[in-house]
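# build the 3D model from these lines:
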Amino acid sequence: MIRHKKVMLLIPLLLLATLTFFLLKGRNSEKPVVFETATVKRGTIAQTISATGTVEPIDKVEVGTQVSGVVKKIHVDFNSTVTKGQLLAELDKITLLATLDLSKVSLKSAQIESEFLKQKFERTSKLFEKGMVSQQEIDQATYEYERAKNNVEKALSEVKKAELNLSYATIYSPINGTVLSRAVDEGQTVAASLNAPTLFTIAQDMTQMEVYAAVDEADIGQVKKGQRVIFTVDAFPEDTFHGNVSQVRLEPVVTSNVVTYTVTVLAQNPDLKLMPGMTATITVYLNEVNDVLTVPARALRFTPDENLLNRLSSQFERDKKRKQGAEVNDPGSTPKMRSSGSQDRSPAKTPGMRKRQADPRSKPGKGRPTVWIKKGETIRPVHIKTGLSDFVNVQVIEGLEDGDEVILSVRNESLGNKKEAGSESVNPFMPQRPPRGTRRMR
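You can find the predicted model right below:
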């Protein structure tokens, strides 16, 4: 019984000793803080907008006919390359030839009548001079002769009209280009009563194409003539085509209460890969800077908290004393921190001072974003001046140099990589705020 009581008393002591052992072991074996960093380097920053559009030829002509008739012969087909003045098709000319012959007969009859009335007018004029005919007779002869001359001119116009209609039965190409469509077949009857029926559609010079893109009203104010454009089409997903904005049309297009504006993009098509009607996904470069210092936008969102600074202080002091061969006696001491505006390398004396040095909104850098850079075993905040941002990278105008190492996040290995210290958790499905100090792009 006494032995049983001794065992019951030893169990809590053993548990306490075990817990103390593991706590001390965990403290002594605390893993270091790991920095996720990126190197400041030169690159390109661009602000862009995207839209979709349709590829079309620069010039597209619909060839029709002004006369009715039966299509007798077609000399071209789809995709035929034609030149200006080349014969495309012919209509049956029997009816048109008959109309021309009839008009010529009418002209001949009018000319004969005019010649007869001319002779009558001349005889009456001579008799009127001798006083042998009255004024009424000379007036009648003059009237009949003038009317005969008008009839001749009218008949002549009818002949010209019949000849012109006959020429319309032979259809020629008005431009150099490629036949996109053929709307008729041989033997088909075309009727040109009110509107000229379209027989062929010809595209001119398909080595140059245009993209008609619909740009949202929220973005149209930033689109200007001459801006660089790249685009892709579904038929060639691996190819990127280049062009420039050639026109921004003022006419709005309203579809389901959505207002868009048509932007015309001129693009080269030397390989004839672009075909009329293709859907293009375009990217318009609004602003672009090349060969500038860039830093990831994540670096501007990183700010270490007080717990992280205390932990870094402990780690720094332990590493320093370990190198000197001394025992770590003061795990709460602070590392050597440098602010961006000072060359003082003395350690911060109080947590409050350290917090003021870490605060990116402190007065020396007010109005400018702050990044933290790592150099050796120390980190320090730097106030920078930024330029363009594409929400992935940010242009750095001043404050950093090529090759500087900026901190993106800090991961505490002792917590099993489950939590990042000093940075906010970011939901990738939620809209993000742009880095402070960058110009916002709509």
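# correct me, but Ser125 touches Glu137?
No. The pair Ser125 / Glu137 is not scored as a contact, 10.3 Å apart, by C-beta atoms under 8 Å. Using the backbone N, CA and C atoms, a C-beta is placed for each residue, glycine as well.
# top helix in the protein by residue count?
When every helix of the chain is counted residue by residue (DSSP state H), the longest turns out to be helix 94-129.
# got the CA coordinates for the longest strand along the chain in PDB?
Assignment by DSSP state E gives strand 41-64 as the longest strand of the chain. Written as PDB, here are the backbone C-alpha positions of strand 41-64 (Å, rounded to 0.1, in the frame of the first residue of the first chain):
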ATOM      1  CA  LYS A  41      16.800  44.100 -61.300                       C
ATOM      2  CA  ARG A  42      16.200  45.900 -64.500                       C
ATOM      3  CA  GLY A  43      13.200  45.100 -66.600                       C
ATOM      4  CA  THR A  44      10.100  46.400 -68.400                       C
ATOM      5  CA  ILE A  45       7.000  47.700 -66.700                       C
ATOM      6  CA  ALA A  46       3.800  48.200 -68.800                       C
ATOM      7  CA  GLN A  47       0.200  49.200 -68.200                       C
ATOM      8  CA  THR A  48      -2.200  47.600 -70.600                       C
ATOM      9  CA  ILE A  49      -5.800  47.000 -71.300                       C
ATOM     10  CA  SER A  50      -7.400  44.000 -73.100                       C
ATOM     11  CA  ALA A  51     -10.300  43.800 -75.600                       C
ATOM     12  CA  THR A  52     -11.600  41.500 -78.300                       C
ATOM     13  CA  GLY A  53     -12.200  42.400 -81.900                       C
ATOM     14  CA  THR A  54     -12.600  41.100 -85.500                       C
ATOM     15  CA  VAL A  55      -9.900  40.900 -88.200                       C
ATOM     16  CA  GLU A  56     -11.000  42.500 -91.400                       C
ATOM     17  CA  PRO A  57      -9.200  43.700 -94.700                       C
ATOM     18  CA  ILE A  58      -8.400  47.300 -95.000                       C
ATOM     19  CA  ASP A  59     -10.400  47.700 -98.200                       C
ATOM     20  CA  LYS A  60     -13.300  45.400 -99.100                       C
ATOM     21  CA  VAL A  61     -15.400  46.100-102.200                       C
ATOM     22  CA  GLU A  62     -18.700  44.500-103.100                       C
ATOM     23  CA  VAL A  63     -19.000  44.100-106.900                       C
ATOM     24  CA  GLY A  64     -22.500  44.100-108.300                       C
END
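# determine the number of other residues adjacent to Asn79.
Taking other C-beta atoms under 10 Å as the criterion, the count of residues near Asn79 is 10.
# shift numbering so it begins at 810
From this message on, residue numbering opens at 810, which makes the last subject Asn888.
# residues contacting it?
Thr987, Val988, Leu989 (C-beta atoms under 8 Å, 6 or more residues apart in numbering).
# and the residues you listed as a markdown table, adding neighbour count and secondary structure?
Putting the contacts of Asn888 into a markdown table (neighbours: other C-beta atoms under 10 Å; DSSP: H, G, I helix; E, B strand; the rest coil) gives the following:
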| residue | neighbour count | secondary structure |
| --- | --- | --- |
| Thr987 | 18 | strand |
| Val988 | 19 | strand |
| Leu989 | 20 | strand |
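# just the residues you listed now: which is nearest Val885?
Taking C-beta to C-beta as the measure, Val988 is the one of the contacts of Asn888 closest to Val885, at 5.4 Å.
# what's the weakest-modelled helix or strand in this protein?
Ranked by mean pLDDT, DSSP states H and E, the helix or strand of the chain with the weakest confidence is helix 1160-1167, at a mean of 38.
# list the contacts for the most far-flung residue of the chain relative to its centre?
Ranked by distance from the centre of the chain (C-alpha atoms, centre = their mean), the top residue is Met941, with 92.2 Å. Applying C-beta under 8 Å, 6+ apart, we find Met941 in contact with no residue.
# what about it, distance to Ser934?
From Met941 across to Ser934, the span is 11 Å (C-beta to C-beta, to the nearest Å).
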